[in-house]
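Participant: have a look at this fold, sequence not included:
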């Protein structure tokens, strides 16, 4: 296959994967606590397709490859909700939740109380405190969550101040190793243990909005689509030129 076709194909493959990342960002522009994905690309140099042993510098062909996808952990804007079960985290911390697959981590602070009195995420996963799941009593009123994650209530008709637990906030030394697992959850990744995070603070009555810039992502989607179309046209033109050349070579005069 000719070098230009190889270069064009390599670029189309990276554009296809970049579109997947951009489309996922756009789809989650309104997802609470969502962190955008970004693509990394780099140039790959190799010798072109040839049949001789000439090693000149002009034989290096520049391809593009997508090196990796990384997380953009920039903090999203805090939106007030006045709901006492809504939480936003100031800092790099994550809430710890219990799932059927084990402990997972999230920035989604849209919480609720299930039928068993447990504090859970919107997907129904229990939110873990320093001593396990946080459980409320039917007579609990006026839930208060302090900046350090302590959860207290006014209990019963006597309105006694009672502590129900303390949210477990964690962070990671290598946050880029976190693996997205869907439903706004992350797993730690290999060799990336969660560490207690005393620096992050909780804001009750707020949620953290997605950090996706919708205008920038839509513009990027248009750019990727146009680039893919332009390369397709270029490859088609190259194919037509090659076909025409072969037809002329085959047209032997009588």
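Facilitator: Done, it's in. None of these values were measured; they are calculated from a predicted model.

Participant: contacting residues for residue 213?
Facilitator: Residue 213 makes contact with residue 36 under the criterion Cβ atoms under 8 Å, 6 or more residues apart in numbering. Quick note: C-beta positions are derived from backbone N, CA and C, even for glycine.

Participant: hmm, try it at 7 Å
Facilitator: Residue 213 makes contact with no residue, according to Cβ atoms under 7 Å, 6 or more residues apart in numbering.

Participant: swap in the one 5 residues further on?
Facilitator: By Cβ under 7 Å, 6+ apart, the contact list for residue 218 reads residue 26.

Participant: helices of the stretch 1-150 of the chain, start to end?
Facilitator: Counting by DSSP state H, counting those that start in this stretch, the stretch 1-150 of the chain has helices at residues 3-27.

Participant: determine how far the helix or strand containing residue 244 lies from the middle of the whole chain.
Facilitator: Under the criterion of DSSP states H and E, residue 244 resides in helix 214-250. Centroid displacement of helix 214-250 relative to its chain, using Cα atoms, centre = their mean, to the nearest Å, is 30 Å.

Participant: quick one: it to helix 3-27, angle?
Facilitator: Counting by axes from the mean of the first three to the mean of the last three Cα atoms, to 10 degrees, helix 214-250 lies at 160 degrees to helix 3-27.

Participant: surely residue 64 meets residue 41?
Facilitator: Yes: the pair residue 64 and residue 41 qualifies as a contact (Cβ atoms under 7 Å) at a distance of 5.7 Å.

Participant: and for those two, which residues touch both?
Facilitator: Contact criterion Cβ under 7 Å, 6+ apart; residues shared by residue 64 and residue 41: residue 14.

Participant: lowest-pLDDT helix or strand in this protein?
Facilitator: When the helices and strands of the chain are scored by mean pLDDT, DSSP states H and E, strand 37-47 comes last with a mean of 71.

Participant: burial measure for the closest residue to residue 123 other than its chain neighbours, as a count.
Facilitator: Leaving aside its sequence neighbours, residue 123 sits nearest to residue 183 (Cβ to Cβ, 6 or more residues apart in numbering; 5.2 Å). For residue 183, the neighbour count with other Cβ atoms under 10 Å is 15.

Participant: ok, and the closest non-adjacent residue to residue 228?
Facilitator: residue 15 (4.8 Å).

Participant: so how far is residue 235 from that neighbour?
Facilitator: According to Cβ to Cβ, to the nearest Å, residue 15 and residue 235 sit 13 Å apart.

Participant: quick one, which of the two is more surrounded?
Facilitator: Shown here are residue 15 and residue 235; by other Cβ under 10 Å, residue 15 has more neighbours (22 against 17).

Participant: I figured residue 24 hits residue 37, correct?
Facilitator: Yes: between residue 24 and residue 37 there is a contact under Cβ under 7 Å: 6.3 Å.

Participant: overlap in contacts, those two.
Facilitator: Common neighbours of residue 24 and residue 37, using Cβ under 7 Å, 6+ apart, do not exist here.

Participant: burial of the nearest residue to residue 4 once chain neighbours are set aside, as a residue count?
Facilitator: Excluding its sequence neighbours, the residue lying closest to residue 4 (Cβ to Cβ, 6+ apart) is residue 238, at 5.7 Å. When neighbours are counted by other Cβ under 10 Å, residue 238 registers 14.

Participant: the one 10 residues further on too?
Facilitator: Residue neighbour count, defined by other Cβ under 10 Å, stands at 8 for residue 248.

Participant: for it, give me its contacts.
Facilitator: With Cβ under 7 Å, 6+ apart as the criterion, no residue contacts residue 248.

Participant: and the residue lying closest to residue 172 once chain neighbours are set aside, what pLDDT?
Facilitator: Once flanking residues are discounted, residue 172 sits nearest to residue 192: 5.6 Å by Cβ to Cβ, 6+ apart. Residue 192 is assigned a predicted lDDT (pLDDT) of 91.
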